[in-house]
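> Let's see this in three dimensions:
(one chain, ligands or ions: 2)
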Amino acid sequence: MNNVVSLPLPATAARPATPPRLALLGTGNVGGAFVARCDALRAAGVPLPAFAWLSNSRALDPCSDHIPERALERLRAAPARQGPWSPWVEAEALRRGDILVDASASDLVAGWHGEWLARGIHVVTANKLGNGADLLRAQAIVRAQRDGGARYGDSATVGAGLPLLRSIRELVAGGDRIHAVEGVLSGSLGWLFNHYDGERPFSDFVREARDAGYTEPDPRIDLSGEDVRRKLLILARAAGLSLHPDDVRVESLVPEALARADAVAVDGLLPSLDVPLRERRRQAERDGARLRFVGRFEADAAGGIVADVGLRALPADHALCGGSGTDNRVAISSDRYREQPLVVQGPGAGAEVTAAALLDDVIRIARLPQESRAPSSSKPSGA
Ligand SMILES: NC(=O)C1=CN([C@@H]2O[C@H](COP(=O)(O)OP(=O)(O)OC[C@H]3O[C@@H](n4cnc5c(N)ncnc54)[C@H](O)[C@@H]3O)[C@@H](O)[C@H]2O)C=CC1
Ligand SMILES: N[C@@H](CC=O)C(=O)O
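Ligands and ions are numbered 1, 2, ... in the order given. Sure thing, here's the model as predicted:
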């Protein structure tokens, strides 16, 4: 089996002649919280790179007045565009050593991560479609870090910054083999099954989770298990496993008509979830069980991997039934943690925690001495 994270490492480093600048793609829940947190940290005296520009799917703003909050307002008020747009292509080119933050959910943008890294531009991302989609793209991102000498900060992509990816990478760097990862990896589905009472319609709770900013822009990405599949792929690849999307068996909660619907029709079709979920909950209650949406992979020493994602009815005292709110709760088993897994628990969704994880990665990269902003030998991916 090919190891996604074991490529040879760069001797060269990103050596910007001028201080690094920030560029932000995405001005939605997470992008907005990122700008607010930058402002708060700057006001508290934390030195941060200046914004070169901010953009969303409609416009790009060069932030000439150096007030990112105002740029955010202008971008949010910009008129809608027809068709896909790549604002950064028309923008003043980013320089080697600059830091690009991807707070979009765009596959088009994620397809550029490798290209930017290869040009020596650091990429910090909440968008899971870089490392959590096609295996070739994930491998290209690792190669591009080596070729461009730039860092890939992906802490926000799993557990909204909980020390999950970091822990797996450190265990692997310390010589451990990861045997299994199992847990509640979706903050929105965690929240839904912590709150769903079987009385009010499930669709009402989905709308609440969406309005609170816990779901993906399209909540079907969560409800179909796709978001958990992406996170599982990211974790497995951090563990050195070359997992393909199709290797993960996914049980979707989304009925056929809702899955096929245009984005504008989604809200009206959410009630199609209500009856099946009420039945699942009633059955679980009769069995003295709790519903939890769980993702899992298990790897044997010979390279075989089993990976699945779906709704499970678990005994109420099961380890994965702990937690509340948007908590993720994830057990990592490895050579070192063989009898008792390492368990990580905490909020796994929400704009503020996600923005904090993005900014942590930005700060880590910006604080590195210029000549060592390239990946270190123990951490080829992730900041
Ligand atoms: N909400 C959460 O708790 C978490 C979210 N994430 C990830 O953060 C990302 C953003 O999520 P939200 O802020 O909730 O979404 P959102 O829908 O509120 O915002 C997405 C933004 O991306 C922009 N965008 C789309 N295509 C673009 C393009 N081609 N160029 C530039 N900008 C583009 C949109 O205009 C919008 O401003 C997603 O990838 C999500 O998976 C990750 C961890 C937690
Ligand atoms: N939609 C995601 C947000 C974080 O990744 C989730 O529900 O976990």
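> Can you tell me the SS state at the nearest residue to residue 228 once chain neighbours are set aside?
Excluding the flanking residues, the one nearest residue 228 by Cβ to Cβ, 6 or more residues apart in numbering is residue 295, at 4.2 Å. Placement of C-beta: from N, CA and C, glycine included. Here residue 295 is recorded as strand under DSSP: H, G, I helix; E, B strand; the rest coil.
> Report how many residues lie close to the closest residue to residue 59 other than its chain neighbours.
Once flanking residues are discounted, residue 59 sits nearest to residue 78: 3.7 Å by Cβ to Cβ, 6+ apart. Residue 78 has 16 neighbours, counted by other Cβ atoms under 10 Å.
> which residues does residue 78 contact?
Neighbouring residues of residue 78 by Cβ atoms under 8 Å, 6 or more residues apart in numbering: 56, 58, 59.
> Please identify which of those is nearest to residue 168.
residue 56 (32.2 Å; Cβ to Cβ).
> Count the residues that sit near that closest one.
Every residue meeting other Cβ under 10 Å relative to residue 56 is counted, giving 22.
> pLDDT wise, what is it at?
On the pLDDT scale, residue 56 is placed at 94.
> In contact with it, which residues are there?
Here residue 56 is in contact with 25, 26, 27, 28, 31, 75, 76, 78, 104 (Cβ under 8 Å, 6+ apart).
> how close does it sit to residue 258?
As judged by Cβ to Cβ, to the nearest Å, residue 56 and residue 258 stand 27 Å apart.
> Contacts only, for the residue in the stretch 151-300 of the chain positioned nearest to ligand 2.
Residue of the stretch 151-300 of the chain nearest ligand 2, by Cβ to the nearest ligand atom: residue 188 (3.1 Å). Residues counted as contacts of residue 188 (Cβ under 8 Å, 6+ apart) are 209, 210, 214, 215, 216, 219, 222, 227, 326, 349.
> I figured the second one hits residue 219, correct?
Spelled out, that is residue 210. Yes - counting by Cβ atoms under 8 Å, residue 219 is a contact partner of residue 210 at 5.1 Å.
> quick one on the thing from earlier: return the subset of the contacts of residue 56 lying in strands.
residue 25 (DSSP state E).
> from the contacts of residue 56, which is closest to ligand 2?
Distances from ligand 2 to the contacts of residue 56, taken by Cβ to the nearest ligand atom, are shortest for residue 28, at 12.0 Å.
> Enumerate the residues of the stretch 201-350 of the chain near ligand 2.
214, 215, 216, 222, 227, 348, 349 (Cβ under 6 Å from any ligand atom).
> Going by neighbour count, which of the residues you listed comes out on top?
residue 348 (32 neighbours).
> how much space between residue 207 and ligand 1?
Distance, residue 207 to ligand 1, by Cβ to the nearest ligand atom, to the nearest Å: 15 Å.
> Could you find the closest non-adjacent residue to that residue?
residue 270 (6.8 Å).
> Need the three-state assignment for that neighbour.
helix.
> Would you point out which residue of this structure is nearest ligand 1?
Proximity of the chain to ligand 1 (Cβ to the nearest ligand atom) peaks at residue 28, 2.0 Å away.
> That residue reaches residue 102, doesn't it?
No - applying Cβ under 8 Å, one finds residue 28 not in contact with residue 102, separated by 11.9 Å.
> Sounds good, over and out.
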